[in-house]
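Participant: 3D model of this:
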Amino acid sequence: MSLLLGIKFCSFNSPVVRTSVSIRRLQQTFAAVNSSNESTQTRNNVVPVFKHASRFSDRTALHDAHGEYTYRGLYLSSLQFANQITQAVSASRQERVAFLMPNDANYVITQWACWMSGQIAVPLSSAHPTPVLEYYITDSDARVLVTTPQFLPLVEPIAKDTNRQIIVLDDTLRKLAMKFDGKKANNKDHFEHESGDLPEAGIDGDFYNNSDALFIYTSGTTGKPKGVVLSHKNIQAQVSSLVNAWDWTEKDIILHTLPLYHIHGIVNVLLCPLHVGARCVMLPKFEAPSIWSQLLAVDIQNAERVNVFMAVPTIYTKLIQEYDQRFSKNEKMKEYIHTVCSNKIRLMVSGSAPLPQPVFNRWEEITGHRLLERYGMSETGMTLSNPLKGKRIPGTVGIPLPGVEVRLTKPDATGSGTEVLLQGSSKGLQKGGESQNAVSGNLEVRSDGVFTRYWNKPEATKKEFTEDGWFKTGDTAQYEDGVYKILGRSSIDIIKTGGYKVSALNVETEILGHPHVQDCSVVGVPDETWGQRIAAVVVLREGTELVLPELREFAKKSLPDYAVPSILKVVDAIPKNAMGKVNKVDLLKTVFPENKI
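Facilitator: Below you'll find the predicted structure:
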């Protein structure tokens, strides 16, 4: 029997059908199935996040713009939606379900429902233009599209053009999952799920040990986006590593303001807290005033204030700008912010893009927090991290996380093989590193968190793995004084000029220290004499000017002559994606068309 609640299902080969069932009938159906999840969890090595919900039941799992949701409520609403997805795919498994959701409980319900029904989740973003959305949907060969009425005008034409089914999820299941608040008069029509043991959900046996869970599309900064296939085993390994390294507990409350179609927002900031029974406060979008209100617990009870925050460098930059505009002239407010952030928030993390040292220093001055920088990729999850407790060196990404091995390599003398310069894990170095000098090389990673393959791209997959099973990240890293530092993408950020290799990220960090520079990206412009010339593309602070001789004099104070930019271009803005990354290939074409200077 198929139950459908608050859902519109449509196929472009059939008319729209709407069905509903009473809340009481739905609750009776749930109550009739009272088997425990414990036997399944014991039998399976891989336990998807939704199976942990029974351990936390009536604890608050999520707080979004609409209200609070319990683990029980999210679980039961997800189970109901899983039934509909199963019907939509004719009870098959491992189908791709692409979904475009707002940043609220409907996202979690859809994600869990995909996994309960044995499907592969393919999250989309409304920030992507129609051609990109269509590419993701067709490339993943999504069987079904799921969205809300809010995004239906964006998704429906694509579904029609590609002959895909649509499930339109309204707010009924989301409201059903909400934590009842008797104090709210407008909550009188709210229905609670009945108490009792949670009914069984998911696929029995070893399914989650051997099945795929998620597609994450690469950012496309170095080429056309590829579908990164992550298994349930990959996700569990990534989550377990971070829970271990960053001391996640059920007492944590994290502030979530990131996109939910990248590893950072999905694994680090959503799945980690839900894995341990913690709470996630999810904002619908990034707004600096809203984040400051949450960090300072404005009109928020002490027991509900956030104590963990993770963001990208662009967000920290905008928060600093907001701080300078609203608080910097009020000494009492400055002292209050520093006291609250340093005493009430246990962890602040930056990732997904290089963190400029001026931002690191300014954030520490404002909040007392030395941001924890870490390194990861769509293909690997998080691999390197500064310590939770210990010295954090700005511009570095610490050491390998638990369960992760890394190594630095270079082509051997023959040019056909690879020489391993250094290899290590969280337990220390296994090879190399004896020299007092810095060791630089191509960064490679091996762990249970590394993805299984690129979707429908066997040759691209084979190309990115070594014969002995290491994933080639494409980044150049440096090991010195016991920690790693990312020098940049080997193909883009390592500029070869006059026989020297220059890290564009290092040059960017130094230029960002100039008082007139607000933003900067450094690229290598092809040159017949030098191979490449170092070009700085900068955004200036309002009311300031900068010329090349002045920039060069400033840069020479901290950079060798060969690394000092010989080209300066001032622009109004540097285009970045939602994770704060710059597509330097596109930037080079735009700012230096046909490479004519």
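
Participant: now the helices: where do they sit in the stretch 201-350 of the chain?
Facilitator: 232-245, 263, 272-276, 288-295, 313-326, 331-344 (DSSP state H, counting those that start in this stretch).

Participant: a markdown table for the ones you listed, including distance to residue 581?
Facilitator: Placement of C-beta: from N, CA and C, glycine included. Converted to a markdown table, the helices of the stretch 201-350 of the chain look like this (distance: least, C-beta to C-beta, whole Å):
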| stretch | distance to residue 581 |
| --- | --- |
| helix 232-245 | 20 |
| helix 263 | 13 |
| helix 272-276 | 22 |
| helix 288-295 | 20 |
| helix 313-326 | 9 |
| helix 331-344 | 27 |
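
Participant: nearest to residue 173, out of the ones you listed?
Facilitator: Closest to residue 173 of the helices of the stretch 201-350 of the chain is helix 272-276 (C-beta to C-beta; 17.2 Å).

Participant: and the closest one, how far out from the chain middle?
Facilitator: 15 Å (C-alpha atoms, centre = their mean, to the nearest Å).

Participant: re the thing from before, which stretch among the helices of the stretch 201-350 of the chain comes nearest residue 79?
Facilitator: The nearest among those, by C-beta to C-beta, is helix 272-276 at 15.6 Å.

Participant: out of the helices of the stretch 201-350 of the chain, nearest to residue 457?
Facilitator: helix 232-245 (17.2 Å).

Participant: thinking again about what came up before, adding mean pLDDT, write the helices of the stretch 201-350 of the chain out as CSV.
Facilitator: What follows is these, written out as CSV (pLDDT from 0 to 100):
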stretch, mean pLDDT
helix 232-245, 98
helix 263, 94
helix 272-276, 98
helix 288-295, 96
helix 313-326, 93
helix 331-344, 96
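
Participant: which of those sits most buried?
Facilitator: helix 263 (a mean of 26; mean count of other C-beta atoms under 10 Å).

Participant: leaving out sequence neighbours, find the closest residue to residue 298.
Facilitator: Nearest in space to residue 298, with sequence neighbours left out and distances taken as C-beta to C-beta, 6 or more residues apart in numbering, is residue 292 at 8.0 Å.

Participant: to clarify, my last question referred to residue 118.
Facilitator: Setting aside the residues directly before and after it, residue 118 is nearest to residue 93 in space (C-beta to C-beta, 6+ apart), at 3.7 Å.

Participant: you'd agree residue 363 is in a strand?
Facilitator: No: checked against DSSP: H, G, I helix; E, B strand; the rest coil, residue 363 lies outside a strand; its state is helix.

Participant: which residues touch it?
Facilitator: Residue 363 is in contact with 316, 319, 320, 348, 369, 371, counting by C-beta atoms under 8 Å, 6 or more residues apart in numbering.

Participant: cool, residue 445 as well?
Facilitator: 380, 383, 404, 405, 406, 470, 471, 473.

Participant: poorly predicted segments of the stretch 1-150 of the chain, please.
Facilitator: Residue ranges of the stretch 1-150 of the chain with pLDDT under 70: 1-44.

Participant: OK, contacts around the residue nearest to the spatial centre of the chain?
Facilitator: Centre of the chain computed as the mean C-alpha position; nearest residue by C-alpha atoms, centre = their mean is residue 264, 1.7 Å away. Residues counted as contacts of residue 264 (C-beta under 8 Å, 6+ apart) are 258, 310, 312, 351, 352, 376, 579.

Participant: contacts only, for residue 322.
Facilitator: Counted by C-beta under 8 Å, 6+ apart, residue 322 has contacts 288, 289, 292.

Participant: quick check: closest non-adjacent residue to the first one.
Facilitator: In this case it means residue 288. Residue 288 sits nearest to residue 322 (C-beta to C-beta, 6+ apart), 3.8 Å away.

Participant: separation between that neighbour and residue 381?
Facilitator: Applying C-beta to C-beta, to the nearest Å, the value for residue 322 to residue 381 is 31 Å.

Participant: phi, psi of residue 519?
Facilitator: Here is the backbone geometry of residue 519 (degrees, to the nearest 10): phi -150, psi 160.

Participant: right, and it touches residue 511 too?
Facilitator: No: if you go by C-beta atoms under 8 Å, residue 519 and residue 511 don't touch, sitting 9.8 Å apart.

Participant: which residues are common contacts for the two?
Facilitator: residue 538.

Participant: quick one: which of those two has more around it?
Facilitator: Under the criterion of other C-beta atoms under 10 Å, the comparison of residue 519 against residue 511 puts residue 511 first, with 26 against 20.

Participant: contact partners for the more buried one?
Facilitator: 517, 520, 522, 536, 538, 551, 554, 555, 565.

Participant: what would those look like in JSON lines with distance to residue 482 and pLDDT?
Facilitator: Output for the contacts of residue 511, formatted as JSON lines (distance: C-beta to C-beta, whole Å; pLDDT from 0 to 100):
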{"residue": "517", "distance to residue 482": "31", "pLDDT": "93"}
{"residue": "520", "distance to residue 482": "29", "pLDDT": "92"}
{"residue": "522", "distance to residue 482": "27", "pLDDT": "92"}
{"residue": "536", "distance to residue 482": "31", "pLDDT": "94"}
{"residue": "538", "distance to residue 482": "33", "pLDDT": "95"}
{"residue": "551", "distance to residue 482": "34", "pLDDT": "93"}
{"residue": "554", "distance to residue 482": "31", "pLDDT": "93"}
{"residue": "555", "distance to residue 482": "28", "pLDDT": "91"}
{"residue": "565", "distance to residue 482": "31", "pLDDT": "94"}
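
Participant: out of the residues you listed, give me the two with the largest separation.
Facilitator: Top of the distance list for the contacts of residue 511 (C-beta to C-beta): 522 and 554, 14.1 Å.

Participant: hmm, back to that, distance check, the residue nearest to residue 298 against residue 575.
Facilitator: 26 Å.

Participant: for residue 136, phi and psi?
Facilitator: Dihedral angles for residue 136 - degrees, to the nearest 10 - are phi -60, psi -40.
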